[in-house]
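>>> need a 3D model of the sequence below.
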Amino acid sequence: MDGGNCVGRLSRSGVLGRPRVPGGSENARVSGVARIVGIAGFVGIGGIFGVNSVVGVAHAAPVGAADAVTEVAASSLPLPLPPSGMAGKLIAHYRMQPIPVEGAWFSVTYSTEDSIDGAALPARYAGRSHAAGSAIVVVETPRDFSALHRLRTDEVWHFYGGSPLTMLLLYPDGHGRTVTLGSDVLAGESPQFTVPRGVWQGSAPRASAPGSYSFVGTQMSPAFDAADFEVGYRDELERRYPAFAKQIARLTRAEFAGRAGGTDGAAGGADRADGVAVGAAAGGERADGVTDGAAAAADRAVPVDRPAAEPTGTAVAFSAEDLPKTTMAPGVTLQELVGRVARDAKTTALSIAKFTLAPGASSGLSFNHRAVEAFLVTQGSGVVRLGTQVTAVGPDSTVFIPAGVPHSIEAGPGSLLEFYAVSAPAFAPEDYVLVKP
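Numbers count the residues shown, from 1 in each chain. Next comes the predicted model:
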């Protein structure tokens with residue numbers, strides 16, 4: 001969680017070009033460390049952006065931090081729907097907004113007007129001045145988790161309520177561990193925990209049932225700044241931390257499955273001594289030869305909460321027999337026909353996979369936070385579970401599964417079961433929750 005003031009949050013609110021300053025023009029009434037600057041080097045989709053960001057809008061007169069976030073976010077891309085239940089009530093109460101790239105919901109609760117001159121800060125801050133401190137409150141859900149990222153500043157986490165929060169920490173020396181943020185101290189949970197700078201961190205509620213949430217907070221000193229943030233890429237992190245591949249897949253979103261251009265920011269050789277990639281430093285020249293700066297940034301602004309380009313694929317006809325089979329569990333194989341990682345038909349709009357279940361094998365009980373699913377049975381017989389309902393299926397059976405409904409499909413004891421699974425939007429690991437294998 002990149003805890004902090006409105007500084008970096010607004011630069012990642014979805015409008016990276018020239019976000020509006022509430023209460024006036026772009027150069028209007030900004031006090032203290034609050035000022036309009038061009039932040040170059042924000043690491044996000046495809047690498048490094050130059051972006052015009054509203055820095056320190058938490059102090060911009062005459063509105064407060066929450067109003068600033070609300071207004072800028074309202075001018076950006078459509079926001080995801082808040083979760084229901086207590087999580088939704090907390091989000092409404094604190095007027096939280098979603099964090100692009102990283103995920104989760106946040107609201108600024110503190111950002112000091114005191115500032116620290118860049119010359120007085122360690123070299124890893126590249127001479128940039130920062131507010132002296134900041135704090136936020138956060139709601140995470142299984143869908144709205146905090147994706148793996150790292151910061152240049154230590155971040156102190158606090159637990160307030162809901163499900164304990166499971167945190168994955170991946171250290172620069174190659175080791176990793178999990179920490180549980182929670183109130184049951186005698187059971188090993190930590191009500192407060194500090195993530196050191198340069199450590200990859202990601203988190204999600206320990207409970208995975210619909211309605212689960214974690215209510216937490218973080219604080220940083222110096223305050224958060226967008227140029228101090230770097231998102232983690234799934235393939236790079238899995239290569240460096242293979243023992244944690246499953247957790248890494250859970251805590252990275254599909255947009256960050258791999259870095260465009262193949263630059264490995266997670267590799268040890270690309271890291272600075274403080275554990276933060278050099279690419280996150282402010283300033284410098286982009287890979288396309290354009291020098292970062294305010295004018296260039298405005299022309300090249302890209303929303304950071306979605307891919308820079310939709311992978312649509314090419315019109316193609318092919319046979320499932322030409323595609324490799326992947327074993328998902330004992331007796332369960334799939335072939336990815338259409339989807340985010342399909343070989344011939346890449347798209348984020350929907351996915352189609354062909355499943356084969358050996359006699360008696362089960363897909364396991366799971367649900368999808370975001371996608372609507374349909375199963376089309378072509379061969380064999382078995383049963384499908386939709387919540388508490390159990391129904392027999394056979395050739396030509398169709399199963400419709402709204403998002404959030406726990407479900408499983410199981411082959412009969414003497415029958416090989418084949419079916420096609422269709423998901424819209426396309427299947428993404430971060431939307432999938434396994435309830436019971």
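>>> state the pLDDT value of Phe427.
Listed pLDDT for Phe427 reads 88.
>>> what does the one 4 residues further on give?
At Asp431 the predicted local distance difference test score is 74.
>>> go on, Pro98?
Confidence at Pro98, expressed as pLDDT, is 88.
>>> in this protein, which segments are predicted with low confidence?
For the chain, the stretches with pLDDT under 70 are 1-79, 260-313, 430, 437.
>>> could you chop it up by domain?
The chain breaks down by automatic domain parsing into domains covering 6-299, 320-436.
>>> once you drop chain neighbours, what's closest to Gly176?
Nearest non-adjacent residue to Gly176, counting by C-beta to C-beta, 6 or more residues apart in numbering: Leu170, 4.3 Å away. Bear in mind the C-beta positions are built from the backbone N, C-alpha and C, glycine included.
>>> repeat for Arg128
Closest to Arg128 by C-beta to C-beta, 6+ apart is Gly118, at 4.8 Å.
>>> that neighbour is in contact with Ser129, isn't it?
Yes - counting by C-beta atoms under 8 Å, Ser129 is a contact partner of Gly118 at 4.6 Å.
>>> overlap of the contact sets of the two?
By C-beta atoms under 8 Å, 6 or more residues apart in numbering, Gly118 and Ser129 have no common neighbours.
>>> compare the two (neighbour count), which wins?
The neighbour comparison of Gly118 against Ser129 (other C-beta atoms under 10 Å) goes to Ser129, with 19 against 14.
>>> how close does Thr397 get to Glu336?
Just so we're on the same page, residue 397 is Ser rather than Thr. Separation of Ser397 from Glu336 (C-beta to C-beta, to the nearest Å): 22 Å.
>>> these two: who's more crowded?
Set Ser397 next to Glu336 and count neighbours by other C-beta under 10 Å: Glu336 wins out with 22 against 17.
>>> and for stretch 404-415, what are the contacting residues?
210, 331, 355, 357-369, 373, 375, 380-387, 393, 399, 401, 417, 419, 435-436.
>>> can you map out the strands along the stretch 151-300 of the chain?
In the stretch 151-300 of the chain, strands defined by DSSP state E, counting those that start in this stretch lie at 155-162, 165-170, 176-181, 192-195, 200-205, 214-220, 229-231, listed in chain order.
>>> show me what the shortest one is packed against.
Contacting strand 229-231 under the criterion 3 or more C-beta pairs under 8 Å, 6 or more residues apart in numbering; DSSP states H and E are the following elements: strand 35-44, strand 146-151.
>>> in stretch 428-437, what counts as buried?
For stretch 428-437, burial by neighbour count (16 or more other C-beta atoms under 10 Å) applies to 428-433.
>>> show me what Glu140 is bridged to.
Bridge pairing for Glu140 (DSSP bridges) gives the partners Ser214.
>>> next one: Glu140 from Ser423, what distance?
Counting by C-beta to C-beta, the gap from Glu140 to Ser423 is 23 Å.
>>> those two: who's more crowded?
It is Glu140, of Glu140 and Ser423, that has more neighbours when counted by other C-beta under 10 Å, with 27 against 23.
>>> got the contact list for the more buried one?
Contacts of Glu140 by C-beta under 8 Å, 6+ apart are 103-105, 146, 165, 203-205, 213-214, 216.
>>> rerun at 7 Å
Remark: with contacts taken as C-beta atoms under 7 Å, 6 or more residues apart in numbering, Glu140 is in contact with 104, 146, 165, 203-205, 213-214.
>>> with distance to Gly174 and neighbour count added, can I get those residues in JSON lines?
Output for the contacts of Glu140, formatted as JSON lines (distance: C-beta to C-beta, whole Å; neighbours: other C-beta atoms under 10 Å):
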{"residue": "Ala104", "distance to Gly174": "27", "neighbour count": "22"}
{"residue": "Ser146", "distance to Gly174": "22", "neighbour count": "25"}
{"residue": "Leu165", "distance to Gly174": "24", "neighbour count": "28"}
{"residue": "Ser203", "distance to Gly174": "20", "neighbour count": "28"}
{"residue": "Ala204", "distance to Gly174": "23", "neighbour count": "28"}
{"residue": "Pro205", "distance to Gly174": "27", "neighbour count": "23"}
{"residue": "Tyr213", "distance to Gly174": "32", "neighbour count": "25"}
{"residue": "Ser214", "distance to Gly174": "28", "neighbour count": "28"}
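>>> could you dump the residues you listed to JSON lines with distance to Ala349?
Shown next, in JSON lines, are the contacts of Glu140 (distance: C-beta to C-beta, whole Å):
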{"residue": "Ala104", "distance to Ala349": "25"}
{"residue": "Ser146", "distance to Ala349": "26"}
{"residue": "Leu165", "distance to Ala349": "32"}
{"residue": "Ser203", "distance to Ala349": "29"}
{"residue": "Ala204", "distance to Ala349": "26"}
{"residue": "Pro205", "distance to Ala349": "28"}
{"residue": "Tyr213", "distance to Ala349": "29"}
{"residue": "Ser214", "distance to Ala349": "31"}
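>>> nearest to Thr327 among the residues you listed?
The nearest member of the contacts of Glu140 to Thr327, counting by C-beta to C-beta, is Ala204 at 25.7 Å.
>>> how far away is that closest one from Asp235?
Distance of Ala204 to Asp235, computed by C-beta to C-beta: 20 Å.
>>> count of neighbours near the residue nearest to Arg259 when sequence neighbours are not counted?
Leaving aside its chain neighbours, Arg259 sits nearest to Tyr233 (4.6 Å; criterion: C-beta to C-beta, 6+ apart). Neighbourhood size, Tyr233 [other C-beta under 10 Å]: 23.
>>> pretty sure Tyr233 contacts Arg253?
No - checked against C-beta atoms under 7 Å, the pair Tyr233 and Arg253 is beyond contact range at 10.4 Å.
>>> that older thread, out of the domains of the chain, which is the most enclosed?
domain 6-299 (a mean of 19; mean count of other C-beta atoms under 10 Å).
>>> what ranges do the helices span in the protein?
6-11, 65-74, 85-93, 234-240, 245-250, 294-299 (DSSP state H).
>>> tell me the one among the contacts of Glu140 nearest to Phe318.
Closest to Phe318, out of all of these and judged by C-beta to C-beta, is Ala204, at 35.9 Å.
>>> return the distance of that closest one relative to Val433.
Taken as C-beta to C-beta, the span from Ala204 to Val433 is 10 Å.
>>> His149 too?
Going from His149 to Val433 by C-beta to C-beta gives 21 Å.
>>> these two touch, right, Leu334 and Ile352?
No - counting by C-beta under 7 Å, Leu334 does not reach Ile352; the two are 10.5 Å apart.
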